[in-house]
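Asks: Got a predicted structure here, sequence first:
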Amino acid sequence: MRSSLLKSTSELLRRSRRGYASSSANPERKVAVLGAAGGIGQPLSLLMKLNPLVSSLSLYDIAGTPGVAADVSHINSPALVKGFMGDDQLGEALEGSDVVIIPAGVPRKPGMTRDDLFNINAGIVKALCTAIAKHCPNALVNMISNPVNSTVPIAAEVFKKAGTYDEKKLFGVTTLDVVRAKTFYAGKAGVPVTEVNVPVVGGHAGITILPLFSQATPASNSLSHQDIEALTKRTQDGGTEVVEAKAGKGSATLSMAYAGAVFADACLKGLNGVPDIVECSFVQSTVTELPFFASKVRLGKNGVEEVLGLGELSDFEKKGLENLKGELKSSIEKGVKFAYGN
Ligand SMILES: NC(=O)c1ccc[n+]([C@@H]2O[C@H](COP(=O)([O-])OP(=O)(O)OC[C@H]3O[C@@H](n4cnc5c(N)ncnc54)[C@H](O)[C@@H]3O)[C@@H](O)[C@H]2O)c1
Ligand SMILES: O=C(O)C[C@H](O)C(=O)O
């Protein structure tokens, strides 16, 4: 009894130090998940229900949300869960949201690129962002729907047209690339995975995903150049590895839900004023000549507090950076053109 009391007290202290102070010390926070009944949406909704920083959890989809919301709502954690379904409930789902997470849209099948999803997902994202501009223009938007390299610029243009664009509040979620880079590096370098940090910059598709293993911590002297090349390629192809393993049944959902929950948690901590919250994300940027770019970002009370630079790159990474710019530029332009032309 005494030891379990000591354990829970020390857990509370640990949490309060890292941004999970008792719920009375944290402001009320509403999180909305759009696409909540999907492969990512369901486990992500579960993880957000478990997050002590969330007081209200709004689950929206075009179908299936009543069941998901009823199910998740039975979990004995503080967040109050409500399900919303169909266009006419979207406004209510969004009203008052602090963070909106968007995993709505179709996933890849083997043989497809993320850009092959553009035709369907661009329209979905545009419609959802139009509603966000109307119902919760101040929310932080966490874009998961692919192709992220284009859906983030689409969202930016929709918000600009509506007069609500704030570049500090729009994020392409690239956390899964970081999650993969950490896991693959730890396995190869033989270091504890929970201690690993690896920045991943650029974008979120193929060669635009550029892990900076030269900056990985803990540093490893045991990795050869071939090892680094192989780790880079595996990180870039991580999504395809899952798509092929699922053999037509979709793309990463569980690891993505984890990554989405990690990033949303960082956004909430930033909003709540927890200092030194840094995650990689695809944001409006001046780090390169491209208007959007993923790099480390410091999160704060208004969203992006600071977009951090790339640091020192190895020659291999410098080459990777130059190689990705063409593809990333055209994906960004494709998104902007779609938003303008429609
Ligand atoms: N950023 C990343 O790292 C990352 C990782 C994995 C998957 N993804 C992307 O996430 C998206 C979702 O993947 P999934 O596996 O969950 O797909 P899924 O098909 O399992 O789920 C998508 C959900 O979106 C819903 N939806 C469709 N149109 C909608 C709309 N207008 N409003 C609200 N909801 C709508 C569907 O009903 C469905 O429930 C895909 O585009 C996928 O490529 C991104
Ligand atoms: O690969 C995909 O299509 C989904 C996602 O972008 C991923 O990286 O897993």
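Replies: Good, I have the coordinates. Ligands and ions are numbered 1, 2, ... in the order given.
Asks: Report the closest residue of the chain relative to ligand 1.
Replies: In the chain, the residue that lies nearest ligand 1 is residue 38 (2.1 Å; C-beta to the nearest ligand atom). In this view, the C-beta of every residue, glycine as well, is placed from N, C-alpha and C.
Asks: neighbours of the closest residue to that residue other than its chain neighbours, just the number please.
Replies: Distances taken as C-beta to C-beta, 6 or more residues apart in numbering place residue 103 nearest to residue 38, at 6.1 Å, with adjacent residues excluded. Using other C-beta atoms under 10 Å, residue 103 has 28 other residues around it.
Asks: wait, residue 103 sits on residue 256?
Replies: Yes. Counting by C-beta atoms under 8 Å, residue 103 touches residue 256, with 7.3 Å between them.
Asks: shared neighbours, these two?
Replies: 40, 44, 144 (C-beta atoms under 8 Å, 6 or more residues apart in numbering).
Asks: tell me the contacts of the residue nearest to residue 38?
Replies: 33-35, 38, 40-41, 44, 144-145, 256, 260.
Asks: rerun that using 7 Å as the cut-off
Replies: 35, 38, 40-41, 44, 144-145, 260 (C-beta atoms under 7 Å, 6 or more residues apart in numbering).
Asks: if we can go back for a sec, for the shared contacts of residue 103 and residue 256, please prepare TSV with the additional fields pLDDT and distance to residue 133.
Replies: Listed next are these as TSV, based on pLDDT from 0 to 100; distance: C-beta to C-beta, whole Å:
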residue	pLDDT	distance to residue 133
40	98	23
44	99	23
144	98	19
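Asks: Up against ligand 2, what does this structure have?
Replies: Proximity of the chain to ligand 2 (C-beta under 6 Å from any ligand atom) is limited to residues 107-108, 114, 146, 176, 238-239, 242-243, 251-252.
Asks: any idea which of these is closest to residue 315?
Replies: residue 238 (23.7 Å; C-beta to C-beta).
Asks: which non-adjacent residue is nearest the closest one?
Replies: Leaving out its chain neighbours, the residue that sits closest to residue 238 by C-beta to C-beta, 6+ apart is residue 180, at 4.2 Å.
Asks: Could you list every helix and strand that the helix or strand hosting that neighbour packs against?
Replies: In this assignment (DSSP states H and E), residue 180 forms part of helix 175-189. Contact here means 3 or more C-beta pairs under 7 Å, 6 or more residues apart in numbering; DSSP states H and E; on that basis helix 175-189 packs against strand 200-202, helix 225-236, helix 254-271.
Asks: What about whatever residue of the chain ends up closest to ligand 2, how many residues nearby?
Replies: With C-beta to the nearest ligand atom as the measure, residue 239 is the residue of the chain nearest to ligand 2, at 2.1 Å. Neighbour count for residue 239, taken as other C-beta under 10 Å: 25.
Asks: swap in the one 5 residues further on?
Replies: Counted by other C-beta under 10 Å, the residues lying close to residue 244 total 15.
Asks: Now do the same contact list for it.
Replies: residue 110.
Asks: Is it located within a helix, as I assumed?
Replies: Yes. Looking at residue 244 with DSSP: H, G, I helix; E, B strand; the rest coil, it is inside a helix.
Asks: Quick one, grab the pLDDT at it.
Replies: pLDDT for residue 244: 98.
Asks: so how far is residue 209 from the nearest residue to residue 305 once chain neighbours are set aside?
Replies: Using C-beta to C-beta, 6+ apart and skipping residues adjacent in sequence, the residue nearest residue 305 is residue 298, 4.5 Å away. Distance, residue 298 to residue 209, by C-beta to C-beta, to the nearest Å: 21 Å.
Asks: cool, residue 177 as well?
Replies: Taking C-beta to C-beta, one finds residue 177 at 5 Å from residue 209.
Asks: Ok, residue 46 next?
Replies: 27 Å.
Asks: Same question for residue 220.
Replies: For residue 220, the distance to residue 209 - C-beta to C-beta - is 21 Å.
Asks: Show me the shaky parts of the stretch 201-342 of the chain.
Replies: Low-confidence segments of the stretch 201-342 of the chain (pLDDT under 70): 342.
Asks: what ranges do the helices span in it?
Replies: Ranges of helices in the stretch 201-342 of the chain, per DSSP state H, counting those that start in this stretch, are 225-236, 238-246, 254-271, 315-341.
Asks: right, so of those helices, which gets closest to residue 153?
Replies: helix 315-341 (3.4 Å).
Asks: Verify the contact between the residue nearest to residue 238 and residue 239 for me.
Replies: No. Between residue 180 and residue 239 there is no contact under C-beta atoms under 7 Å: 8.6 Å.
Asks: before we move on, back to that, what would the helices of the stretch 201-342 of the chain look like in TSV with distance to ligand 1?
Replies: Converted to TSV, the helices of the stretch 201-342 of the chain look like this (distance: least, C-beta to the nearest ligand atom, whole Å):
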stretch	distance to ligand 1
helix 225-236	12
helix 238-246	6
helix 254-271	4
helix 315-341	13
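Asks: Please consider this matter closed, and thank you.
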